[in-house]
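Q: what shape does this take:
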Amino acid sequence: MRLTLLLESLDQQISRNVTEELRLMDNDFKSMELIVGKVRHNLKTPINILTGFSELILEEVEDLEELPESERIAIEEAFSLVSKYGTQVLTAIEKALSPESFLTDDWLSELSVQGTKLCQEAGVALSELSSTLNALNSDYFPTLMEGFEADVDKVKVGGAQLKKGIEAISQSVDFTPAALLEVGLLSQSDYESLDTYSDFLETETSELKTRFPSSILIVDDNPANLEILERKLRAEGHSITRASSGEEAEGYINADHPIDLILLDILMPGISGYEVLARNIEALRERNVPVLMVSSLGEQETVYKCLEMGAQDYITKPINYMILTARMNSALERKYLLDKEEAYIKQIEAEKERSDHLLLNILPESIAGRMKQDDSVIAEAFDSCSILFADICGFTKLASSLDASELVQFLNGLFSIFDDLCDQLGVEKIKTIGDNYMAAAGVPLVDPDHAKKCVQLGLKMLEVVDSLPEIREQKVQMRVGIHSGPVVAGVIGKRKFVFDLWGDTVNVAQRMESHGTAGSLQVSDSTLELVRDCVVVTSSERREIKGKGLMSTHLIDKLSN
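A: Numbering: from 1, shown residues only. Purely as a prediction, here's the structure:
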């Protein structure tokens, strides 16, 4: 009991404090403006309930198959009227309680006058609305009241709240904040939020400046409108291009003229703003150029159509330049972020392309693709391929006669030519070790012509070396050896990995090169068997091959066809 009394006393004290603070606000113009704005908001809130639940009911009734057609039509008519009358009352509220409607700075004293005007303006619509809501009962709409009773009750509550609010504001009294609290047009929580809202407005207003000075295309057939817009926007730091017709605007758009945002009028002779938007929206989207429609047309259908067609925002005339600045800031910030995102994506794609290119310089294309998709060990056996080794004869002596840069430049130039030959012939470069060049055909992609391609490569390599001028009075020569057979191929290493080949075939191919003759291409029996019909053999002999014993070797001079 004592706790109850204490709570009641505390509540009464809070109410007295709020009332006293409101009394002190009576002569504060800014506070009065905010209070009237809150009253206007509270009157409009029931209309949101009315129209919102009416639309929901209409949408759900449309899908109700068991509903008799006659009742469906009656429901649609009734709730269409609810939305219609609610909208008419909303228009009356906006007209009577808009800041422009008050003739003096003493808004609270004038509020009852404006409330009387509101009651007169909204009287017929409010009366028709009440009649329509009263008819929403089970006698006329049995199915509706059975399935949608909760939503219908919400619509009726909204209507009752709206009627109560308009009757309260139309009282012939000298309104004070305390009086508004008493009649229910303002709540204690409303008042408590006014300070925060006032601080918010002051902070945001001071910051409402153009954050993204940009190139703006303004389109309007009225020269005065163009001039006002241009001067306002130039003062904000924007660069302005003017177009007095839809045709002129399309000329700028199609000419890739620098445009970051378009302010587009709708009603113009010739090509309308609708047509300009519809015909160019895809191209503008590709460039992330937002379009803000600017028009004296404020109908809901017009706004919806423009937004649906791709406009980012809609601003009605006469233009509120504070609102325009805020919406342009929002649109330009979105463009800035989209442009930045695209730049990042291009940068990432360029880095990926560079990474892929580097990977392809290290690994065969098929192996690189597998490595990007799978981090498991890559190893595969090939039954038949050909391995080529090429080595510069007397390289140690040659290297000692050149300085480091000359030597690297020489090897880089020579091996780059060999790389190009590999690409032309479809042979895979495996690696270089010093002056030794290793290549293979038939790996990692199976190729029945692997032996022939390696022979072609070897002969062309010898031609290239033979055509080189003397270096330090030394003639450069090369030995080339080829052997064919099975290998195991795969990628080894965690860092600086390499695609490599293993098996006896590799060892024998290396012996074919090391036991060869300067300026000659030497192949084994297994390779010759695969190319016998297309090569000219200059000599054949059995030779002692380290680790293999006697083997038949053959020197190939050229291709026979």
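Q: only C-alpha atoms for contact and neighbour calcs from this point on.
A: Will do.
Q: what's the burial count for the spatially closest residue to residue 475 that is not a sequence neighbour?
A: Distances taken as Cα to Cα, 6 or more residues apart in numbering put residue 469 closest to residue 475, at 7.1 Å, once the chain neighbours are dropped. Residues contacting residue 469 under the criterion other Cα atoms under 10 Å number 11.
Q: check the offset of whichever helix or strand residue 350 is part of from the chain's centre.
A: Per DSSP states H and E, residue 350 falls inside helix 321-362. Chain-centre distance of helix 321-362: 8 Å, with Cα atoms, centre = their mean, to the nearest Å.
Q: now do stretch 382-400
A: Taking mean C-alpha positions (Cα atoms, centre = their mean), stretch 382-400 and its chain are 52 Å apart.
Q: contact partners of it?
A: The contact list for stretch 382-400 (Cα atoms under 8 Å, 6 or more residues apart in numbering) reads 407, 435-443, 446-447, 450-451, 454, 458, 471, 474, 476-489, 505-506, 509-510, 513-514, 518, 527.
Q: list buried residues within those.
A: 436-443, 447, 450-451, 454, 458, 476-489, 505-506, 509-510, 513-514, 518, 527 (16 or more other Cα atoms under 10 Å).
Q: for residue 237, see how far away the closest residue to residue 78 other than its chain neighbours is.
A: The spatial neighbour of residue 78 that comes closest, neighbours along the chain excluded (Cα to Cα, 6+ apart), is residue 132 at 6.6 Å. Per Cα to Cα, to the nearest Å, residue 132 is found 54 Å from residue 237.
Q: on that earlier part again, mind checking how far the residue nearest to residue 78 is from residue 85?
A: For residue 132, the distance to residue 85 - Cα to Cα - is 9 Å.
Q: and the two? which has more neighbours close in?
A: residue 85 (24 against 17).
Q: so which bits of the one helix or strand the more buried one maps to are buried?
A: In this assignment (DSSP H and E), residue 85 forms part of helix 69-97. Within helix 69-97, the residues that qualify as buried are 72, 75-76, 78-83, 85-90, 92-97, counting by 16+ other Cα under 10 Å.
Q: with stretch 155-173 instead?
A: Buried, per 16+ other Cα under 10 Å, within stretch 155-173: 155-159, 161-163, 165-171.
Q: for stretch 34-50, same thing?
A: 34-36, 38-44, 46-50.
Q: the residue most central in space within the chain: what's its closest spatial neighbour, skipping adjacent residues?
A: Nearest to the geometric centre of the chain sits residue 338, at 6.1 Å (Cα atoms, centre = their mean). Using Cα to Cα, 6+ apart and skipping the chain neighbours, the partner closest in space to residue 338 is residue 288 (6.8 Å).
Q: and that neighbour, how far is that from residue 483?
A: 60 Å.
Q: for residue 428, same thing?
A: From residue 428 to residue 483 the distance is 15 Å (Cα to Cα).
Q: same thing with residue 65?
A: Taking Cα to Cα, one finds residue 65 at 82 Å from residue 483.
Q: just to revisit the earlier point, OK, contacts around the residue nearest to residue 78?
A: Neighbours of residue 132 in contact, by Cα under 8 Å, 6+ apart: 78, 81, 82.
Q: host element of it?
A: helix 107-134.
Q: how near is the residue nearest to the centre of the chain to residue 100?
A: With Cα to Cα as the criterion, residue 338 and residue 100 are 39 Å apart.
Q: next one: residue 300
A: Counting by Cα to Cα - residue 300 and residue 100 are separated by 22 Å.
Q: just residue 58 next, same as before
A: Applying Cα to Cα to residue 58 and residue 100 gives a distance of 36 Å.
Q: residue 277 too?
A: Taking Cα to Cα, one finds residue 277 at 33 Å from residue 100.
Q: what about those two, which has more around it?
A: Taking neighbours as other Cα under 10 Å, residue 277 and residue 100 compare with residue 277 leading, 22 against 9.
Q: hang on, isn't that one packed against residue 308?
A: No: counting by Cα atoms under 8 Å, residue 277 sits too far from residue 308 to count as a contact (10.7 Å).
Q: which residues in the stretch 301-450 of the chain form helices?
A: Remark: helices assigned in the stretch 301-450 of the chain by DSSP state H, counting those that start in this stretch are 321-362, 365-373, 395-400, 404-425, 450-466.
Q: quick one, which of those is nearest to residue 251?
A: helix 321-362 (21.8 Å; Cα to Cα).
Q: and the closest residue to residue 489 other than its chain neighbours, what element?
A: Leaving out its chain neighbours, the residue that sits closest to residue 489 by Cα to Cα, 6+ apart is residue 501, at 4.5 Å. Assigned by DSSP H and E, residue 501 belongs to strand 498-502.
Q: pLDDT below threshold where in this structure?
A: Judged by pLDDT under 70, the chain has its weakly predicted residues at 1-30, 140, 143-145, 172, 194-209, 359-362, 364-377, 493-496, 561.
Q: and it, what are its domains?
A: 2-207, 215-336, 365-559 (automatic domain parsing).
Q: could you dump these into TSV with distance to residue 357 added?
A: Converted to TSV, the domains of the chain look like this (distance: least, Cα to Cα, whole Å):
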stretch	distance to residue 357
domain 2-207	48
domain 215-336	29
domain 365-559	10
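Q: out of these, the one nearest residue 349 is which?
A: domain 365-559 (15.2 Å).
Q: so what's the gap between the closest one and the chain middle?
A: 49 Å.
Q: next one: stretch 551-561
A: Worked out by Cα atoms, centre = their mean, stretch 551-561 lies 61 Å from the chain centre.
Q: for that stretch, buried residues please.
A: In stretch 551-561, counting by 16+ other Cα under 10 Å, buried: 553, 554, 555, 556, 558, 559.
Q: same thing with stretch 327-339?
A: Neighbour-count burial for stretch 327-339 [16+ other Cα under 10 Å]: 327, 328, 329, 330, 331, 332, 335, 336.
Q: show me the helices in the stretch 151-300 of the chain, by range?
A: 177-183, 188-207, 223-235, 246-254, 273-286, 300-309.
Q: all helices of the stretch 451-561 of the chain, in order?
A: Under DSSP H, counting those that start in this stretch, the stretch 451-561 of the chain gives helices at 504-514, 525-531.
Q: packing partners for the longest one?
A: Put plainly, it is helix 504-514. strand 379-392, strand 478-492, strand 521-524 (3 or more Cα pairs under 8 Å, 6 or more residues apart in numbering; DSSP states H and E).
Q: and the angle for that helix with strand 478-492?
A: In terms of direction (axes from the mean of the first three to the mean of the last three Cα atoms, to 10 degrees), helix 504-514 departs from strand 478-492 by 160 degrees.
Q: give me the contact list for helix 504-514.
A: 387-391, 479-487, 521-524, 545-546, 553.
Q: before we move on, back to that, neighbours of the residue nearest to residue 489, how many?
A: 23.
Q: next up, the contacts around it.
A: 487, 488, 489, 490.
Q: of the residues you listed, which is the nearest to residue 272?
A: Of the contacts of residue 501, the one sitting nearest to residue 272 (Cα to Cα) turns out to be residue 490, at 66.0 Å.
Q: what bridges to the closest one?
A: Residue 490 has these beta-bridge partners by DSSP bridges: residue 379, residue 500.
Q: that one reaches residue 497, doesn't it?
A: No: here residue 490 does not reach residue 497: they are 10.2 Å apart, not a contact under Cα under 8 Å.
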